[in-house]
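>>> only geometry, no sequence info:
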């Protein structure tokens, strides 16, 4: 009886093991890629193109007078305000640069600040070496004209000159005198015109690398997919087969024992 029971168990184990030693195909499906959410596209960074245009392609409207006369003090005929170099007077209205130019060549600059002779002598720190080398600053160091004169034109345009007498307030001026109708002006669009030192420094400030135009964010979706594939395919097939064979043999042994006892 015991011998028959032993042979029966041996036959069942051999038969069961034979069915799983060489399985036809064991397929492990990697569902990680199937269920992985699509990568969210990086939103575009707005404002970079606008900053680039402002810094490199800025344009202004320039008004050019027909001669060297910039305007008239208190809009009265006979009180001409002229360019001393004889060049055509013109003016530009822009942020930080509402100024008068004497000449239309590229190397002509405007004056946006004025320093008087006595003030500079009394306070050497008022206009240091950097201030004195700034081409936008007018320094009235001539003994014959040691005072600053400010002409206030319409639309915020300002002009600075050196004068022989002191004037503490800005003087009103206009581009034409009262009743004048025969004075015509040209209007042109210019770009990259010389600007104030403060404005040039602010425009030249480098943007953070993460916000510069042309930078492309690196997508991590490809690296995640390859990592998930390697993890899914690394499951040991032999361990699965061995576990199945052992489980079936144990079940068969229990069934035979119940049948005979």
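Perfect, thanks for sending it. Note that this is a predicted model, so its numbers are computed, not measured.
>>> please look at residue 103 and residue 87 and confirm they touch.
Yes - under the criterion of CB atoms under 8 Å, residue 103 makes contact with residue 87 at 3.7 Å. (Glycine included, C-beta is placed from N, CA and C.)
>>> what ranges do the helices span in the stretch 51-200 of the chain?
Using DSSP state H, counting those that start in this stretch, the helices of the stretch 51-200 of the chain run over 117-122, 129-133, 197-203.
>>> which of these comes out lowest on mean pLDDT?
Per-stretch mean pLDDT for those is lowest at helix 197-203 (a mean of 35).
>>> residue 116: neighbouring residues, count only.
21 (other CB atoms under 10 Å).
>>> ok, now residue 129?
7.
>>> please renumber so the chain begins at 55
Yep, numbering from 55; the last one is residue 183 now.
>>> distance check, it against residue 191.
With distances taken as CB to CB, to the nearest Å, residue 183 is found 12 Å from residue 191.
>>> could you do residue 140 as well?
For residue 140 relative to residue 191 (CB to CB), the value is 23 Å.
>>> between the two, tell me which one has more neighbours.
Remark: of residue 140 and residue 191, residue 191 carries more neighbours, 17 against 10, as counted by other CB under 10 Å.
>>> for beta bridges, what are the partners of that one?
For residue 191, the beta-bridge partners under DSSP bridges are residue 167.
>>> quick check, it in contact with residue 167.
Yes - at 4.9 Å, residue 191 counts as touching residue 167 under the criterion of CB under 8 Å.
>>> what about the strands in this protein?
With DSSP state E as the criterion, the chain has strands at 113-118, 123-127, 134-136, 143-146, 153-156, 167-170, 191-194, 201-206, 212-217, 225-228, 240-245.
>>> list of residues touching the shortest one?
Just to be clear, that refers to strand 134-136. 122, 123, 124, 125, 126, 127, 143, 205, 213, 215, 227 (CB atoms under 8 Å, 6 or more residues apart in numbering).
>>> correct me if wrong: the last one contacts residue 129.
Translated: residue 227. Yes - between residue 227 and residue 129 there is a contact at 7.4 Å, judged by CB under 8 Å.
>>> look at the two and report which has more neighbours.
When neighbours are counted by other CB under 10 Å, residue 227 comes out ahead of the other of residue 227 and residue 129, with 23 against 17.
>>> quick check: chain neighbours aside, which residue is closest to the more buried one?
residue 205 (4.2 Å; CB to CB, 6 or more residues apart in numbering).
>>> again, but for residue 199
Among residues not flanking residue 199 along the chain, residue 216 sits closest, at 4.0 Å (CB to CB, 6+ apart).
>>> so that neighbour sits against residue 169, correct?
No - contact criterion CB under 8 Å: residue 216 and residue 169 do not qualify, at 10.0 Å.
>>> do you know how far residue 201 is from residue 170?
On the measure of CB to CB, residue 201 and residue 170 end up 6 Å apart.
>>> intersection of neighbour lists for those two?
Each of residue 194 lies in contact with both residue 201 and residue 170 under the rule CB under 8 Å, 6+ apart.
>>> can you tell me how far residue 230 is from residue 181?
Relative to residue 181, residue 230 is positioned 35 Å away (criterion: CB to CB).
>>> quick check: beta-bridge partners of residue 127?
With DSSP bridges as the rule, residue 127 is bridged to residue 227.
>>> show me what contacts it?
Contact partners of residue 127, counting by CB under 8 Å, 6+ apart, are 133, 135, 205, 225, 226, 227.
>>> from the residues you listed, keep the buried residues only.
Neighbour-count burial (16 or more other CB atoms under 10 Å) applied to those gives 135, 205, 225, 227.
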